[in-house]
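S.K.: the following block contains a protein sequence and its predicted model.
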Amino acid sequence: MSARAWRSTAVALLLALIGWQLVWHVWLAPPASLPLGFVLGLALPALLVPLLMMGRNLIRGLFWAGFMALGYFTHGVMEAWATPELRMLANVQWVLATLLILAVGAAGMAERRARRAKADAETKPESNATA
């Protein structure tokens, strides 16, 4: 896959993770002891900031989205381990976070390969001309 395809996949996964936070905390398992606004105030900003950053610099925003996804991975694994009744919801969260992290990494690697191939293509004709 190209870097552009991986970046598009990462953006879709970020949006899916944001949507999952809303579905989980508003519809499937609303908080019993804390106000919903407080829970959403903890769950969403770390994902919304990279989304807003993407408007100015897509690659930097994706980097931060992947970095923030590490926390959602950790929370999902912890919740799956500690709260059996939320295990399936938490499993979805850590899987989405893992896929987001992998897509961001794959986008970076694809970009690096493309740059290296372009640099090799530019230097190859020069080496043939001197031979």
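M.R.: Noted; the coordinates are in hand.

S.K.: of all residues in this protein, which one is nearest the centre?
M.R.: Central residue of the chain (CA atoms, centre = their mean): Leu100, 3.3 Å from the mean position.

S.K.: my guess is that one contacts Trp64, does it?
M.R.: No - using CB atoms under 8 Å as the test, Leu100 is too far from Trp64 to be in contact (11.4 Å). Every residue, glycine included, has its C-beta placed from N, CA and C.

S.K.: show me how far the lengthiest helix in the chain is from its chain's centre.
M.R.: Longest helix of the chain, by residue count under DSSP state H: helix 87-130. Helix 87-130 sits 14 Å away from the centroid of its parent chain (CA atoms, centre = their mean, to the nearest Å).

S.K.: what does stretch 74-87 give?
M.R.: 20 Å.

S.K.: mind starting the numbering at 379 from now?
M.R.: Yep, numbering from 379; the last one is stretch 452-465 now.

S.K.: what does it rub up against?
M.R.: Applying CB atoms under 8 Å, 6 or more residues apart in numbering, the external contacts of stretch 452-465 come out as Ala407, Leu467, Ala468, Asn469, Val470, Gln471, Trp472, Val473, Ala475.

S.K.: let's see 6 Å
M.R.: Ala468, Asn469, Gln471, Trp472 (CB atoms under 6 Å, 6 or more residues apart in numbering).

S.K.: selection in ChimeraX covering whichever of these are buried, please.
M.R.: One line in ChimeraX is enough to select the buried ones among those; burial here means 16 or more other CB atoms under 10 Å:
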select :468,471,472
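
S.K.: as CSV, the contacts of stretch 452-465 with distance to Ala495 and pLDDT would be great.
M.R.: Below are the contacts of stretch 452-465 laid out as CSV (distance: CB to CB, whole Å; pLDDT from 0 to 100):
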residue, distance to Ala495, pLDDT
Ala468, 41, 97
Asn469, 38, 98
Gln471, 36, 98
Trp472, 34, 98
